[in-house]
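Engineer: build me a model:
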Amino acid sequence: MPIRLRLPRTLWFDRSVLAVLIAINAWLSLTLARGPGELAAIWVGNGLLAGWLLMRRTSSWPGYVLVAYLAELPSRMLAGDAPGYALAIAFVNLLEALLVAGIVRYLVPDTRDPRSWMRLGSIATSATFFACALAGLLAAGIAHALNDQPFVRAFGAWFAAHVVGMTLVATATLVAHREGWGMFVARGRTWSLASTLALLVIVAIGVFANHYSVLFLTYPPLLLVAVRHRFAGVALGVIALALVAAIATALGHGPLWSEHLDRAGRIVLLQLYVAGGCLMTIPVCLVLAERDRLAASLRDSERRYRMLADHSHDAISRVREDGQRVYVSPSATEMLGWPPEQMLGSRWDIVHPEDRDLQRQATAEALATGEPRTDIYRLRHRDGHYVWVEAVSRRIPADDGSDRAELMVTARNIDKRVAAEQALAESRRELERQSRVDALTDLPNRRQFEERLALALKRLQRHRTPIAVLCLDVDRFKSINDGYGHAVGDAVLQAFARRLCDSVRDTDLVARLGGDEFVILLEDVAPGGAETVARKVVATMAEPIDAAGNRLLASTSIGIACTDAPTDAPTLLARADAALYAAKKAGRNRYRMAAAG
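Structural biologist: Next up is the predicted model:
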């Protein structure tokens, strides 16, 4: 946790802190410049003000601007600037800071959002160059008019000093406001910002304590600060480096001091040295910031995914090419009773034995084709019963960044759906059966008889397989139904149906056409065989029928039509029906054979 800098939340205190910082930095920068009216090598006050404004509400800016202006004036006068020159240059400084802060606030309203930092960097850089160029033209004109400084040299000195100062100090100010003291000493860090800055300062003092040209030795610790502490490290590191270089050069020490250069030349060298540090470290920080943002986005995505996976009602698993599960969501416990850690690895034993080969093939196909697929199979619950699941398998990259592919399998419990589908299928089968079976006698009905007869006639036409049709009814059934009631009549029909079935082969068909009309279809049978069946049926019906407590005799009349030549169903049935009429006319309780057709 970063250590926050907690200051009283009052405007007067906040503005007082800003005023003190601007006054000290202005006096120090001007004193190091060594000459009234001279421009500083690095100007940090404007970056300080711009960063301060960006962390405050826009409506409060006027008060901060006034405080900054009033704080800079006495510092300039103490450093030797004339009042008129001090008033004009202080105003140009305010204009520069306001331009940068205003452009950034307008284009990037939320500077705290890490997702906008790359855009913020480009916009802030463009705004800094524009504002420093405009302010530099004004300042160079003022310096030329009031102090007789060369316009071009004054503009160059201003622009270089202010661009470097704005870039570094504004960034450092934003980071300091966000992290507080934690940016210097963070808990749990061996290398805090304070220690890395101390290392940089020690190296810089060593470099500038002699006249050897070893300025490059300061860049490695500066890069270390940048890599470890990002923009805050760069800003503070370059400022520290610039202060050491400026003080040493002003005192006549270090590689930047040369008797062959005047003060302006030394300032230019100092600015180039500091700019080199910025050019080397700021791009590194931008790249690292973008990497950190992407890493944070990835962690956030993984966290959201893990939260969804962990709290999803569906069981989510990650499966390698070899069938090893490397992740199983906690919802699997609710579905299957197994703790997630007990489902890791190769657990084909929990797949129903009848489904294992199919699932191995499905896994291989999903990995090979890359196309998502949905499968339904059974998994064994911890208590022993099997659970129907619907699993969607999708190929995904391996999480170790290799070329291997893995599967993400999302499974949901569909026991209720399967049960409903099975019940629906059973209902359909029952409806289909009922549509083909007589409800009273459980015999095939007219529809099924007509289908079987049509098939038998096709076989007859193709293979000359003889068939016979026997049409039957119960003699005087209307008298039984009217005399004893429908319940007794139904019992008679049921008993009659059972006796018909007992009189034929298993391959023969007995059907009820309606009322007391029945029919028998015999295939691959000679006329003599059909007569044998008819005699057997007539004999069977000689036995009394127990019908609802009544013992009744119910005989039958039968008409037989046989053929071994192609014919059609209406013709064959008409012949059998005519034979039935002849049997009734002859006295009932007998059969008659239709004439050969």
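
Engineer: wait, isn't residue 141 in contact with residue 152?
Structural biologist: No: contact between residue 141 and residue 152 fails when scored by Cβ atoms under 8 Å: they sit 11.5 Å apart. The way it works is simple: take the backbone N, C-alpha and C, and place the C-beta from them, glycine included.

Engineer: quick one: least confident helix or strand in this structure?
Structural biologist: Evaluated with mean pLDDT, DSSP states H and E, the helix-and-strand set of the chain has its lowest mean pLDDT in helix 263-311, which scores a mean of 71.

Engineer: about what we covered before: so residue 141 and residue 152 - more neighbours on which side?
Structural biologist: residue 141 (15 against 10; other Cβ atoms under 10 Å).

Engineer: quick one: residues contacting that one.
Structural biologist: Each residue near residue 141 by Cβ atoms under 8 Å, 6 or more residues apart in numbering is listed here: residue 151.

Engineer: I'd like the next helix or strand past the least confident helix or strand of the chain.
Structural biologist: Sequence order places strand 315-319 as the next helix or strand after helix 263-311, per DSSP states H and E.

Engineer: sheet partners, orientation included, of that next one?
Structural biologist: In its sheet, strand 315-319 lies beside strand 325-328 (antiparallel), strand 405-413 (antiparallel), with partners assigned from DSSP bridges.

Engineer: what sits against residue 54?
Structural biologist: With contact taken as Cβ under 8 Å, 6+ apart, residue 54 is in contact with 101, 104-105, 111, 170, 174.

Engineer: mind running it again at 6 Å?
Structural biologist: Taking Cβ atoms under 6 Å, 6 or more residues apart in numbering as the criterion, residue 54 is in contact with 101, 111.

Engineer: please apply the same query to residue 348.
Structural biologist: Shown here is residue 348, whose contacts under the criterion Cβ under 6 Å, 6+ apart are residue 356.

Engineer: buried ones in the helix or strand containing residue 203?
Structural biologist: Assessed by DSSP H and E, residue 203 sits inside helix 193-208. Neighbour-count burial for helix 193-208 flags 193, 196-197, 199-201, 203-204, 207-208 (criterion: 16 or more other Cβ atoms under 10 Å).

Engineer: if you average pLDDT over it, what comes out?
Structural biologist: Confidence for helix 193-208, expressed as mean pLDDT, is 86.

Engineer: chain center to that helix, what's the gap?
Structural biologist: Relative to its chain's centre, helix 193-208 lies at 48 Å (Cα atoms, centre = their mean, to the nearest Å).

Engineer: what's in contact with it?
Structural biologist: Contact with helix 193-208 is made by 183-185, 214, 217-218, 221, 224-225, 228-229, 236-237, 240-241, 244, 248, 253-254, as judged by Cβ under 6 Å, 6+ apart.

Engineer: ok, stretch 578-592 next?
Structural biologist: 471, 475, 534, 555, 557-560, 594.

Engineer: and that stretch, end to end?
Structural biologist: With Cα to Cα, to the nearest Å as the measure, stretch 578-592 spans 9 Å from end to end.

Engineer: which residues in the stretch 401-550 of the chain form strands?
Structural biologist: Counting by DSSP state E, counting those that start in this stretch, the stretch 401-550 of the chain has these strands, from start to end: 405-413, 467-474, 509-514, 517-523, 545-547, 550-552.

Engineer: sheet-wise, list the partners of the second one with their directions.
Structural biologist: The partner list of strand 467-474 in its sheet, established with DSSP bridges, is strand 517-523 (antiparallel), strand 556-563 (antiparallel).

Engineer: from these, which stretch is densest packed?
Structural biologist: Highest mean neighbour count of those: strand 556-563, a mean of 25 (counted as mean count of other Cβ atoms under 10 Å).

Engineer: what residues does it touch?
Structural biologist: For strand 556-563, using Cβ under 6 Å, 6+ apart, the contacting residues are 468-472, 474-475, 527, 530, 534, 541, 572, 575-576, 579-580, 583-584, 588, 591-594.

Engineer: just the buried residues of those.
Structural biologist: 468-472, 474-475, 527, 530, 534, 541, 572, 575-576, 579-580, 583-584, 591-594.

Engineer: look through the chain and tell me its longest strand.
Structural biologist: With DSSP state E setting the assignment, residue counts place strand 386-397 as the longest strand in the chain.

Engineer: what angle do that one and strand 315-319 make?
Structural biologist: With axes from the mean of the first three to the mean of the last three Cα atoms, to 10 degrees defining the directions, strand 386-397 sits at 50 degrees from strand 315-319.

Engineer: rounded mean pLDDT for strand 386-397, please.
Structural biologist: For strand 386-397, the per-residue pLDDT averages 88.

Engineer: tell me the buried residues in it?
Structural biologist: Buried residues in strand 386-397, defined by neighbour count with 16+ other Cβ under 10 Å: 386-391, 393, 395.

Engineer: could you dump those residues to a markdown table with distance to residue 332?
Structural biologist: Rendered in a markdown table, the data for these read as follows (distance: Cβ to Cβ, whole Å):
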| residue | distance to residue 332 |
| --- | --- |
| 386 | 15 |
| 387 | 11 |
| 388 | 15 |
| 389 | 10 |
| 390 | 14 |
| 391 | 12 |
| 393 | 16 |
| 395 | 21 |
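
Engineer: could you single out the nearest of the residues you listed to residue 270?
Structural biologist: Distances from residue 270 to these, taken as Cβ to Cβ, are shortest for residue 395 (59.4 Å).

Engineer: distance of the closest one relative to residue 150?
Structural biologist: Distance, residue 395 to residue 150, using Cβ to Cβ, to the nearest Å: 70 Å.

Engineer: for stretch 45-57, C-alpha coordinates in PDB please.
Structural biologist: As requested, C-alpha coordinates have been extracted for stretch 45-57 and formatted as PDB (Å, rounded to 0.1, in the frame of the first residue of the first chain):
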ATOM      1  CA  GLY A  45       8.200  26.500 -11.900                       C
ATOM      2  CA  ASN A  46       5.900  26.300 -14.900                       C
ATOM      3  CA  GLY A  47       5.900  22.500 -14.900                       C
ATOM      4  CA  LEU A  48       5.100  22.600 -11.100                       C
ATOM      5  CA  LEU A  49       2.200  25.000 -11.700                       C
ATOM      6  CA  ALA A  50       0.800  23.000 -14.700                       C
ATOM      7  CA  GLY A  51       0.900  19.700 -12.800                       C
ATOM      8  CA  TRP A  52      -0.700  21.300  -9.700                       C
ATOM      9  CA  LEU A  53      -3.500  22.800 -11.800                       C
ATOM     10  CA  LEU A  54      -4.200  19.500 -13.500                       C
ATOM     11  CA  MET A  55      -4.900  17.900 -10.100                       C
ATOM     12  CA  ARG A  56      -7.400  20.600  -9.200                       C
ATOM     13  CA  ARG A  57     -10.800  21.600 -10.300                       C
END
